[in-house]
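> Attaching a predicted model along with its sequence, questions to come.
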Amino acid sequence: MDKTGNSDTATVLAGQSAVPVHVAVIMDGNGRWAKGRGLPRVAGHRKGVERVRDMVTACAEKGVKYLTLFAFSSENWRRPVQEVQLLKELFLSALDNEIRKLHKNNVRFRVIGDTERFGEKITSRIRQSETLTQKNTALTLTIAANYGGRWDIAQACAELARRAARGELDPDTITEKSLEPFLSLAGVPEPDLFIRTGGEQRISNFLLWQLAYTEMYFTPILWPDFDRAQFEQALVSYAGRQRRFGLTGEQIETARHA
Ligand code: IPE
Ligand code: IPE
Ligand code: MG
């Protein structure tokens, strides 16, 4: 219990700092970036991979512990087959080129999403990369590929249902907490800062469950132009916000100065 008479205030304030622990990004605008230069869309995706590299370095330097990037949504299969094919090839070559460096820099690499659909070659390469880097501690880089927030919640519900059917779980005891261990990002703190580049102000079926109290940052800058300085601006915006989680501003201020 604190001075404001609310035991939740301390919990809310605990672990809050000026630097986000977990940053989640929708890297959007590659196609428009390329089109604006008279280039094929894939040129924008290629440039986008360079920005991923910069972002990983910047996060490690700033002390961000988790970086989650939306690379391919469950809806992106609707794109022309040729673009989907090029994205798969780019993903594979980026993985081959970068994984050793990520490992050397103590970065843990993970992929979330229904990755089976990418085929055996990509899934086995993902598994190898995850195994290689699983003990790394500087930063966890999670790539969301064939990911959808609704899929994530549905597959966690399916797991709960399986347990209930086996008699291991009483449905009447299910709470929000029961679902969390089965979500793709189980064990990872929820994102503190969400960034979407490219000007659209929507979630596009990204981390629906986990973004409940995340600070949102939308920028018109296209992903291939989202450089270090742009990221710093997002961090400054984040640092200036008061996160209340349902409390009043006064409760937060009182507890902070206690
Ligand atoms: C984001 O850029 C990358 C992926 C969705 C794979 P886009 O390809 O969506 O770029 P725009 O939105 O068409 O400019
Ligand atoms: C969201 O971007 C998915 C990724 C960045 C991977 P989209 O470009 O697919 O989103 P919409 O279709 O404009 O909402
Ligand atoms: Mg887009």
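It's in. Ligands and ions are numbered 1, 2, ... in the order given.

> wait, isn't W209 in contact with L183?
Yes - under the criterion of C-beta atoms under 8 Å, W209 makes contact with L183 at 6.1 Å. The way it works is simple: take the backbone N, C-alpha and C, and place the C-beta from them, glycine included.

> Which neighbours do these two have in common?
152-153 (C-beta atoms under 8 Å, 6 or more residues apart in numbering).

> So what does the nearest residue to G199 once chain neighbours are set aside look like in phi/psi?
Nearest non-adjacent residue to G199, counting by C-beta to C-beta, 6 or more residues apart in numbering: P220, 4.2 Å away. In terms of degrees, to the nearest 10, the main-chain angles of P220 are phi -70, psi -10.

> Could you count how many residues lie near P220?
By other C-beta atoms under 10 Å, the residues close to P220 number 11.

> swap in E116?
10.

> Test my guess that it contacts I122.
No - in this structure, E116 is not within contact of I122 by C-beta under 8 Å, at 9.5 Å.

> which one is whichever residue of the stretch 1-150 of the chain sits closest to ligand 1 nearest to, not counting chain neighbours?
Here the stretch 1-150 of the chain gets closest to ligand 1 at one residue, G31, 2.7 Å apart by C-beta to the nearest ligand atom. Once flanking residues are discounted, G31 sits nearest to R41: 4.4 Å by C-beta to C-beta, 6+ apart.

> and that neighbour, what are its phi and psi?
Main-chain torsions, R41, degrees, to the nearest 10: phi -50, psi -30.

> Please tell me I have it right and it contacts N30.
Yes - with contacts defined as C-beta under 8 Å, R41 counts as touching N30 at a distance of 6.9 Å.

> Neighbour count: the two, which is higher?
Shown here are R41 and N30; by other C-beta under 10 Å, N30 has more neighbours (24 against 19).

> In contact with the more buried one, which residues are there?
Applying C-beta under 8 Å, 6+ apart to N30 gives the contacts 41, 44-45, 47-48, 222-224.

> out of those, which is most surrounded?
Neighbour tally across those (other C-beta under 10 Å): the maximum, 28 neighbours, falls on W223.

> which residues touch that residue?
Contacts of W223 (C-beta under 8 Å, 6+ apart): 27-30, 33, 44, 48, 51, 197-198.

> who are the neighbours in contact with the residue nearest the centre of the chain?
With distances taken as C-alpha atoms, centre = their mean, T68 lies nearest the centre of the chain, 2.6 Å away. T68 is in contact with 22-25, 112, 142-144, 185, 188, 191, 207, counting by C-beta under 8 Å, 6+ apart.

> 7 Å instead, please
The contact partners of T68, taken as C-beta atoms under 7 Å, 6 or more residues apart in numbering, are 22, 24, 142, 144, 191.

> Please apply the same query to E200.
Going by C-beta under 7 Å, 6+ apart, the list of residues near E200 reads D28.

> Could you look up the SS state of it?
Under DSSP: H, G, I helix; E, B strand; the rest coil, the three-state class of E200 is coil.
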